[in-house]
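K.L.:
sharing a model prediction with you, sequence too.
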Number of protein chains: 2
Amino acid sequence: MNRIKLHLDKKTSSSYEIYIGKAIMDRMGLILNKQKWAGRYICITDSHVLALHGERVQQTLREKGLKIDMIDFPPGEASKDIKTCLHICDQLMAMGADRQSALIALGGGVVGDITGFVASIYMRGIPYIQVPTTLLAQVDSSIGGKTGIDLPTGKNLLGTFYQPKGVFIDLAFLQTLEPQELKNGLAEVVKYGIIDDPGLFGILETRAQEITNQDMDLLQEIVARSCRIKKGVVEIDEQEKGMRRILNFGHTIGHAIETESGYTIPHGDAVSMGMVAASILSERMHYLAAEECERITALIRAIKLPDRIPQSLSPEGIFGNMKGDKKKAGDTLNFVLLKKIGIPFVTDGVPEQLIRKTIGGLMT
Amino acid sequence: MNRIKLHLDKKTSSSYEIYIGKAIMDRMGLILNKQKWAGRYICITDSHVLALHGERVQQTLREKGLKIDMIDFPPGEASKDIKTCLHICDQLMAMGADRQSALIALGGGVVGDITGFVASIYMRGIPYIQVPTTLLAQVDSSIGGKTGIDLPTGKNLLGTFYQPKGVFIDLAFLQTLEPQELKNGLAEVVKYGIIDDPGLFGILETRAQEITNQDMDLLQEIVARSCRIKKGVVEIDEQEKGMRRILNFGHTIGHAIETESGYTIPHGDAVSMGMVAASILSERMHYLAAEECERITALIRAIKLPDRIPQSLSPEGIFGNMKGDKKKAGDTLNFVLLKKIGIPFVTDGVPEQLIRKTIGGLMT
């Protein structure tokens, strides 16, 4: 038997900058022009964002001398499927997009996930940049290169780890957000405070009112702080093999609640319920002090996020969904719990009975 | 504007071994067992290969203590589409395959391309290994991590660069190959001789008869030599940004011929015609000596591969297809030409009129 070794040990760089500011689309145009990641750009967005911002973004970038085309699809999670991907690819083909073209993901998490996925598989990969327009996408999904689409059997079952060339976070987009969309993002900001930044947690506690009133300077500060936490975790664990799992704090039960509600409960609400549940689990397992658990619940309430699970849901249904979560490794169910605010850890040792009891307790 | 840099500069290793031998499935089992790339394996194959080898391969691997399941789909290029991918993913989901699972691509190029693609996107990427059963897949597509599927608008338009954990080349599979399938692989072997290995080219010239008679020792030698060339090119240029393009020798016109024939002309035949055309172009542009051009044509004939393009095809159709080839960068058409046997180069300076004339000349 012959053996031939194919050597692909190398230094790779997928490093990139995250730019955060107010009304930065013109500066993005200058940066794209300077970086020359591609000879042309195709902006992928949904029809909602297109109507709100499409014309302005296109015009701003064209004024900087960039070649821009637009492709849009209907808004919402229902679009995050292979059909939308193929539709985008067909349009890219029709436009003559090739390996010298790059995509711009202009929109929320769904747009970012689809655009990143298409960029990662179109002609075996073309560059893309993220321009997140929701708070949730700005502090979470636009950073870290996780792309994905849903299958009928589950969310994000197909996807890639594929880093963008840059992330441009323009706070100006937040002004057109629905209050619920802002809350979806704030739930993740609360999560960052809980898992990594007691200082951020403190700001949220003391300035909750200004945040829900959309104080732009304060929002820029908490977005930047959140991005720094996310980027730190991604740097250590790009492919979610270990530490990146702490970002799932509140999401194990949160996702299960979302699924059980048939996605009628918004992501931020579900994650908030999940964070409350995970905090209570941490307390009941004697890791987290009762007063810290109470601070978490109080902050979630102050930001007007829910701290109870609707009684209309089935506790057994929620529990069953958790077991179908793709993040399980083998047959164990991994939970992110807390020792303190700022000190999370991953464990597979949470008794099923305690999970059931905690979920049930949040419904009474 | 805040700027945060996300640092993903790192050393990565996607190195792997290519194992070549006769009847090596048992040794593969031992290696899989030792390497522990996954807790279970799902073997993806087509129904043709399943009928010929499925039972034996499964049993051999099970005897080595591996957990193996099988998924199959109809044979042929028509299966290389998103529908087959989704079918495989649904089955993987139904089997409970997760990130601790790995795929085995057991089959020819289509099986390898699809399996690699599914492995690269299922749950954002799971490991896979290549077990190529055709000569073409053994010397070419199983090595280098190019995966892909076709869209209605073109071949391999969706795909990834995603390296396998290992490639196991078992010559025993060649014994059940159709003569045309063997020739499809031999065309690539001839290509390796032409672009990189005058010694291999010489062996092919002097021992053409033994090769077409399937002398197994000789086949193992030329397979190993071909794999060494392919792996050398892939090491230098994993993502086909530069040097890897020399592997397209004969393929620019070859693919155009394949397409124009509606894929009724086998890949190896089309590539042979393309190699003859590229050699004549090289000669006419005064790069390649006439006698070397003649040696190439003579070898192709000796291996019983075609050196003429069927008159039934449209020269303008072939020419038009070339311009739609996705490997074009921007608007220039890149050709791999020869200075000598063993010395290829890439140029975008081939006059269109000369291409037309050369294609036409091979049809008279």
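P.N.:
Perfect, thanks for sending it. None of these values were measured; they are calculated from a predicted model.
K.L.:
in its sheet, what does the worst-scoring helix or strand of chain A on mean pLDDT sit against?
P.N.:
The least trusted helix or strand in chain A, going by mean pLDDT, DSSP states H and E, turns out to be strand A:9-13, with a mean of 87. If you go by DSSP bridges, strand A:9-13 pairs up with strand B:9-13 (antiparallel).
K.L.:
who does the helix or strand just after the partner strand touch, helix- and strand-wise?
P.N.:
Once the chain leaves strand B:9-13, the next helix or strand it forms, by DSSP states H and E, is strand B:16-21. Judged by 3 or more Cβ pairs under 8 Å, 6 or more residues apart in numbering or on different chains; DSSP states H and E, strand B:16-21 is in contact with strand A:2-6, helix B:25-35, strand B:166-170, helix B:216-236. Bear in mind the C-beta positions are built from the backbone N, C-alpha and C, glycine included.
K.L.:
10 Å instead?
P.N.:
Under the contact criterion of 3 or more Cβ pairs under 10 Å, 6 or more residues apart in numbering or on different chains; DSSP states H and E, strand B:16-21 touches strand A:2-6, helix B:25-35, strand B:128-132, strand B:166-170, helix B:216-236.
K.L.:
the first one and chain B in contact?
P.N.:
Which is strand A:2-6. Yes: applying Cβ under 10 Å from any Cβ of the partner chain, one finds that strand A:2-6 is in contact with chain B at A:2-6.
K.L.:
ranking the residues you listed by neighbours, who comes first?
P.N.:
In terms of neighbour count, residue A:6 stands highest of the residues of strand A:2-6 next to chain B at 24 neighbours, by other Cβ atoms under 10 Å in any protein chain shown.
K.L.:
residue contacts, it?
P.N.:
By Cβ atoms under 10 Å, 6 or more residues apart in numbering or on different chains, residue A:6 lies in contact with B:14-18, B:143-145, B:163-164, B:166-167, B:227-228, B:230-232, B:234-235, B:238.
K.L.:
I'd like to know how far it sits from residue B:118.
P.N.:
21 Å (Cβ to Cβ, to the nearest Å).
K.L.:
so how far is the least confident helix or strand of chain A off the chain centroid?
P.N.:
27 Å (Cα atoms, centre = their mean, to the nearest Å).
K.L.:
what of stretch A:286-298?
P.N.:
25 Å.
K.L.:
which residues does that stretch contact?
P.N.:
So stretch A:286-298 is contacted by A:190, A:193-194, A:198, A:201-202, A:205, A:208, A:250, A:272, A:275-276, A:278-284, A:307-308, A:337-345, A:347 (Cβ under 10 Å, 6+ apart).
K.L.:
mind doing that once more with 8 Å?
P.N.:
Applying Cβ atoms under 8 Å, 6 or more residues apart in numbering or on different chains, the set of residues contacting stretch A:286-298 from outside is A:190, A:194, A:201, A:205, A:275-276, A:279-280, A:282-283, A:307, A:337-341, A:345.
K.L.:
can you give me phi and psi for the most centrally placed residue in chain A?
P.N.:
Closest to where the C-alpha atoms of chain A average out (Cα atoms, centre = their mean) is residue A:141, at 2.6 Å. The phi/psi pair for residue A:141 (degrees, to the nearest 10) reads phi -70, psi -20.
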